[in-house]
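Participant: got a predicted structure plus its sequence, pasted below:
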Amino acid sequence: MCGATEGGLSLDGVNVTKEAIIQGQVLRGGEPVGKAYVRLLDRTGEFTAEVPTSATGHFRFFAGEGAWTLRTLAPGAEPVDKQVVGTIGSVAEIAVVL
Amino acid sequence: MSRENSLVSAQWVEDNLDTSAFVLVEVDEDTTSYDAGHLKGAIKLDWTTDLQDPVRRDFLDRTQFEKLLSEKGIANDDTVVLYGGNNNWFAAYAYWYFTLYGHGDVKLMDGGRKKWELDSRELVAGVPTREKTSYTATEQDHSIRAFRDDAIAAIGVQNLIDVRSPDEYAGRLMAPAHLPQEQAQRAGHVPTSLNVPWSKNANDDGTFKSDEDLKALYAEVGIDDAKDTIALCRIGERSSLTWFVLKELLGHDNVKNYDGSWTEYGSLVGVPVALGDEPGAA
């Protein structure tokens, strides 16, 4: 399937040593923001994927090696961009503050 | 077709929610989204269970589709307004599917669920009940559906538009990056296919760009208006959105969606595959 499950897919059954995982949480005033949209842009700025955040504000991507940008859209907020580097076999943990 | 008769705005839907002018249908990639709240009066179609043959990799046949729509309470003369998450990927897929079986009046809600949520519009929990109907479908319209042999025959001959992200097209990723990457089939793209990521059709809020911007986008990549076009992606849902743009918004005559897409083509034995950012030679 091609599903963008809220918060991103669980890691159950996923061989994390073969994935470049980028994940994190969207926060506003210290509180998690559910129903925000986090999109992953490639090194040229082109859209690669997007997930809605979970009720706890979490998101997760399975990216490739290299530089990526996370762009977060949420009701009542300007888009926020964060730079991140993906590495196979590791998890990049990112906090997005609106 | 045109923007006026194939697309409605979120505002128009909100203004008309309490009328019976249309049947609102949510189709999501995440099939649990509807259950957590949806537009008032909307019914749900589950693309994994409602729209696929339960055994073979194929769509419902005509009889199965008639049974599904009858049970959902959709009549032949209903205006169906589709919306969904992920920038309407699966709503566009359902739009193409309804068109494949000859439904007369079907529309997409521009921006889908994301635009609705970002605007903080109302979502409800109540599930409507609809009277069963006796729906009659036509045979599949294969003028809008491409099969694997069509894709192979189109190499170097027709416009092949691969709408996946640049990294999927080049073979650096095997799937959209919200999914694990380990897959069985080969990476890459159909030689001579042009990479026009679906996202170039849309604004950040999921609404479609203007007709002028869309025309400029396809002119810039060198689509040949004199040739027929096949759109493809990984499983045929993102390419439904590009099919919608080319066929319904821009009015191109002969545009097909290849629903087998890369998960079929990339598993075929002996077909040519191109790697990297360039289209490659026929």
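Facilitator: Ah, there it is.
Participant: got the contact list for the worst-scoring helix or strand of chain A on mean pLDDT?
Facilitator: The helix or strand of chain A with the poorest confidence is strand A:47-52; it has a mean of 90 (mean pLDDT, DSSP states H and E). The contact list for strand A:47-52 (C-beta atoms under 8 Å, 6 or more residues apart in numbering or on different chains) reads A:4-8, A:35-42, A:59-61, A:63, A:68, B:30, B:85-87, B:114, B:117, B:165-167, B:173, B:176-179, B:197, B:199. Glycine gets a C-beta too; all of them are placed from N, C-alpha and C.
Participant: given it, what are its sheet partners and their directions?
Facilitator: strand A:37-41 (antiparallel) (DSSP bridges).
Participant: residues contacting the strand it pairs with, please?
Facilitator: Contacts for strand A:37-41 (C-beta under 8 Å, 6+ apart): A:22, A:26, A:47-53, A:59, A:61, A:63, A:68-74, A:96, B:114, B:117-118, B:177-178, B:204.
Participant: need the phi and psi values for the nearest residue to B:G73 once chain neighbours are set aside.
Facilitator: Excluding its sequence neighbours, the residue lying closest to B:G73 (C-beta to C-beta, 6 or more residues apart in numbering or on different chains) is B:R130, at 2.6 Å. Dihedral pair for B:R130: phi -120, psi 140, per degrees, to the nearest 10.
Participant: need the helices for the stretch 51-200 of chain B, in chain order.
Facilitator: B:62-72, B:85-100, B:112-118, B:148-153, B:166-170 (DSSP state H, counting those that start in this stretch).
Participant: just checking, what packs against the longest one?
Facilitator: Counting contacts by 3 or more C-beta pairs under 8 Å, 6 or more residues apart in numbering or on different chains; DSSP states H and E, the secondary-structure elements packed against helix B:85-100 are strand A:47-52, strand B:23-28, strand B:79-83, strand B:105-109, helix B:112-118, helix B:238-243.
Participant: tell me the domain ranges of chain B?
Facilitator: According to automatic domain parsing, chain B comprises the domains B:3-118, B:145-265.
Participant: please convert these to CSV, extending it with mean pLDDT and mean neighbour count.
Facilitator: Formatted as CSV, the domains of chain B follow (pLDDT from 0 to 100; neighbours: other C-beta atoms under 10 Å in any protein chain shown):
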stretch, mean pLDDT, mean neighbour count
domain B:3-118, 94, 19
domain B:145-265, 93, 21
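Participant: and B:G251, that's in a helix?
Facilitator: No - using DSSP: H, G, I helix; E, B strand; the rest coil, the assignment for B:G251 is coil, not a helix.
Participant: so how far is chain A from it?
Facilitator: 25 Å (C-beta to the nearest C-beta, to the nearest Å).
Participant: would you mind listing the residues in contact with that residue?
Facilitator: Per C-beta under 8 Å, 6+ apart, neighbours of B:G251: B:M1, B:S2.
Participant: quick one, phi/psi of it?
Facilitator: The phi/psi pair for B:G251 (degrees, to the nearest 10) is phi 70, psi 20.
Participant: how far away is it from B:P166?
Facilitator: 27 Å (C-beta to C-beta, to the nearest Å).
Participant: A:K82 too?
Facilitator: A:K82 is 20 Å from B:P166, by C-beta to C-beta.
Participant: so where is chain A shaky, pLDDT-wise?
Facilitator: A:1-6, A:8-9 (pLDDT under 70).
Participant: how about the helices in it?
Facilitator: For chain A, no helices are identified by DSSP state H.
Participant: the strands in it, which residues?
Facilitator: A:20-28, A:31-32, A:37-41, A:47-52, A:58-63, A:66-73, A:80-86, A:91-97 (DSSP state E).
Participant: who touches the residue nearest to B:G73 in this structure?
Facilitator: B:V23, B:I43, B:K72, B:G73, B:I74.
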